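Engineer: when you get a sec, could you give me coordinates for this:
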Amino acid sequence: MKIHAFKSQRWTSVLALSLVSMAITATSAQAQWRGWNIHVEDYPVSHGMEQFVEDIAEQTEGRVTGKVFHGGVLGSQPDAIQQVQVGALDFAVFSLGPMGQIVPESNVVSLPFIFKSIPQMYRLMDGEAGDAIDAGLQKKGIVALAWYDAGARSFYNSIKPINTPADVEGLKVRVMNNDLFVGMVASMGGNATPMAFAEVYQSLKTGVVDGAENNPPSYESTNHFEVAKYYSLSEHLIIPECLCVSLKAWEKLSPEDQAIVKAAGRASAETQRALWQEREKASLQKVIDAGTEVNEIADKSAFQAAMAPVYDQFLSDNPDLTDLVDLIRNAD
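Structural biologist: All right, here's what the predicted structure looks like:
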């Protein structure tokens, strides 16, 4: 009887160890993250994301691995945002433009001309402003790891150069799906058309829209310059992109792995920002060489003045965000 009891205890221990092993294996499997990216594979954002997944796999010793799906193959940004919120996707890089419809705090950076420069945007987003936006994102199930550079957005169209707000009057302009951008174009007399990014080329080609607005690498990499030859450097929006993780995925990590993932995200942002600056210059030169007419706008004060109704409406609708708006507008 004693021998039988000993064997029974031994097999119970073996079974327990097996169950622990299975649990560890299951946990590891759950940490194989899927990532969404709208951009093509050879793009600063894409390279930053690839560095991120390589770093987390190495530094967590395989506890967290990931795969990035580039080119929007997993759906549009609105779809991807929802998937990250519910945990169907684990991480992504999102423009904060369309995010503003879901997270009011993120809409602040979509106010035209709110940032004075790209370096100023870095400082503010890496500090108090970024923390405030992250807090808003987390309420919606998304954690911000780092802020990527998406440059300054400018207008382009197939009809004429834009030098003053009056030049926008009557133009059909594609914008991201955000009421702020509709108001921005309307304040200059244009007709804003919210539209998925993937539809813009054909819409420009067929005249469904006359123009759009975006940064030089996006304008170049999507070949929009082939069907909209006028690129006017209004630089009206400086909207960072967010390297985001699903809160559901985040909460499954140990504090140690959360720290690793956060640091890897910030390191990837440094890489992405450096690559972005290089790519922006190269893209602008490429479209110029292809025959695009690029014009500087020496005095943007008329554009800035035209945005007063946009700010008034935003602050009326979001009085609780006045401090965040003032924090950014009043920063050096």
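Engineer: state the distance from the nearest residue to residue 107 once chain neighbours are set aside to residue 214.
Structural biologist: Using Cβ to Cβ, 6 or more residues apart in numbering and skipping the chain neighbours, the partner closest in space to residue 107 is residue 100 (3.2 Å). C-beta here means a position set from N, CA and C on the backbone, and glycine is covered the same way. The gap separating residue 100 from residue 214 is 17 Å, by Cβ to Cβ, to the nearest Å.
Engineer: likewise residue 247?
Structural biologist: Residue 247 is 29 Å from residue 214, by Cβ to Cβ.
Engineer: those two: which has the busier surroundings?
Structural biologist: Per other Cβ atoms under 10 Å, whichever of residue 247 and residue 214 has more neighbours is residue 214, with 24 against 18.
Engineer: tell me the mean pLDDT for the longest helix anywhere in the chain?
Structural biologist: Identified as the longest helix of the chain according to DSSP state H is helix 255-289. The pLDDT scores in helix 255-289 average 97.
Engineer: and it, what other elements does it pack with?
Structural biologist: In terms of contacts (3 or more Cβ pairs under 8 Å, 6 or more residues apart in numbering; DSSP states H and E), helix 255-289 is packed against helix 44-59, strand 142-148, helix 216-221, strand 241-246, strand 293-296.
Engineer: deepest-packed of these, please.
Structural biologist: Neighbour counts (mean count of other Cβ atoms under 10 Å) averaged over each of those peak at strand 241-246, with a mean of 26.
Engineer: between it and helix 44-59, how big is the angle?
Structural biologist: Going by axes from the mean of the first three to the mean of the last three Cα atoms, to 10 degrees, strand 241-246 is angled at 40 degrees with respect to helix 44-59.
Engineer: what mean pLDDT would you report for strand 241-246?
Structural biologist: 98.
Engineer: give me the residues contacting it.
Structural biologist: 45, 48-49, 52, 84-87, 89-96, 99, 106, 137, 141-150, 261, 265, 268-269 (Cβ atoms under 8 Å, 6 or more residues apart in numbering).
Engineer: next one: it to chain centre, how far?
Structural biologist: Its chain's C-alpha centre and that of strand 241-246 lie 7 Å apart, by Cα atoms, centre = their mean, to the nearest Å.
Engineer: what segments of the stretch 51-200 of the chain are helices?
Structural biologist: Listed from the start of the chain, the stretch 51-200 of the chain has helices (DSSP state H, counting those that start in this stretch) covering 77-86, 96-99, 104-107, 118-125, 128-139, 179-186, 200-206.
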